[in-house]
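S.K.: quick check, what structure comes out for this input:
(chains A and B)
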Amino acid sequence: DIQMTQTPSSMPASLGERVTISCRASQGISNYLNWYQQKPDGTIKPLIYYTSNLQSGVPSRFSGSGSGTDYSLTISSLEPEDFAMYYCQQYDSSPWTFGGGTKLELK
Amino acid sequence: QVTLKESGPGILQPSQTLSLTCTFSGFSLSTYGMGVGWIRQPSGKGLEWLANIWWDDDKYYNPSLKNRLTISKDTSNNQAFLKITNVDTADTATYYCARVELASPFDYWGQGVMVTVSS
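M.R.: Model prediction:
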């Protein structure tokens, strides 16, 4: 199985700050990498697919990049609604696997 | 507008079979490239992919659950199903279904249904 390691596991940040969350795969995943946001009520919102493509309706302050084994999600200027959990997920090979999550907290 | 909603028993006892239903709208499982997947999340923990079923009835399972999973679909009624046999307390989780599309897997999610396994 491909292991997905997200760093950091938690991140205190301030409104308006630029933040980056990293996701490393245990082997190359050919850009087959998604990002999701999960709110405390459990609602999961897809943000980015295939490394860098924004899902419909996702604000442009979110962006994704990476290649090979290393990927990242960047939020250019944090808004109040961005404080949540974030997960990466690879779909290069079965079983599809998720990172352990990053909790973005208000500093 | 794509929507998905999970339903399940709420609580069941160890060794029983868990049956989950995903009722969706806004897409069809008879359309090329479409599928439905199941993902679960124990309270306070991360996400685990369980299984996918595709428009052509192709099925993929997470081998970590060995032979306990069965995924199926009812195309006419826009539903997908997941059965997990011989449950134990480790299967206590919120279970989500999500649309799987070839170009963009898991692009729409249900709200999740909580399942508790307890004697």
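
S.K.: list the beta-bridge partners for the residue most central in space within chain A.
M.R.: Nearest to the mean C-alpha position of chain A, by CA atoms, centre = their mean, lies residue A:35 at 4.0 Å. Following DSSP bridges, residue A:35 is listed with bridge partners residue A:48, residue A:88.

S.K.: hmm, it is touching residue A:63, no?
M.R.: No. If you go by CB atoms under 8 Å, residue A:35 and residue A:63 don't touch, sitting 9.9 Å apart. C-beta here means a position set from N, CA and C on the backbone, and glycine is covered the same way.

S.K.: anything in contact with each of the two?
M.R.: Common contacts of residue A:35 and residue A:63, defined by CB atoms under 8 Å, 6 or more residues apart in numbering or on different chains, comprise A:48, A:73.

S.K.: what residues does chain B put near chain A?
M.R.: B:37, B:41, B:46-49, B:52, B:60, B:62-64, B:94, B:96, B:98, B:103-109, B:111-112 (CB under 8 Å from any CB of the partner chain).

S.K.: close to chain B: what parts of chain A are there?
M.R.: A:1, A:34, A:36, A:42-46, A:49-50, A:53, A:55, A:87, A:89, A:91, A:94-101.

S.K.: buried members of those into PyMOL, please.
M.R.: Per 16 or more other CB atoms under 10 Å in any protein chain shown, the buried members of the residues of chain A next to chain B correspond to this PyMOL selection:
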select buried, chain A and resi 34+36+44+46+49+55+87+89+91+95+96+97+98+99+100+101
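
S.K.: what's in contact with stretch B:55-75?
M.R.: So stretch B:55-75 is contacted by A:1, A:94-95, B:28-36, B:38, B:48-53, B:79-86 (CB under 8 Å, 6+ apart).

S.K.: quick check: buried residues in that stretch?
M.R.: B:55, B:60-62, B:65, B:68-69, B:71, B:73.

S.K.: sweet, I'm off.
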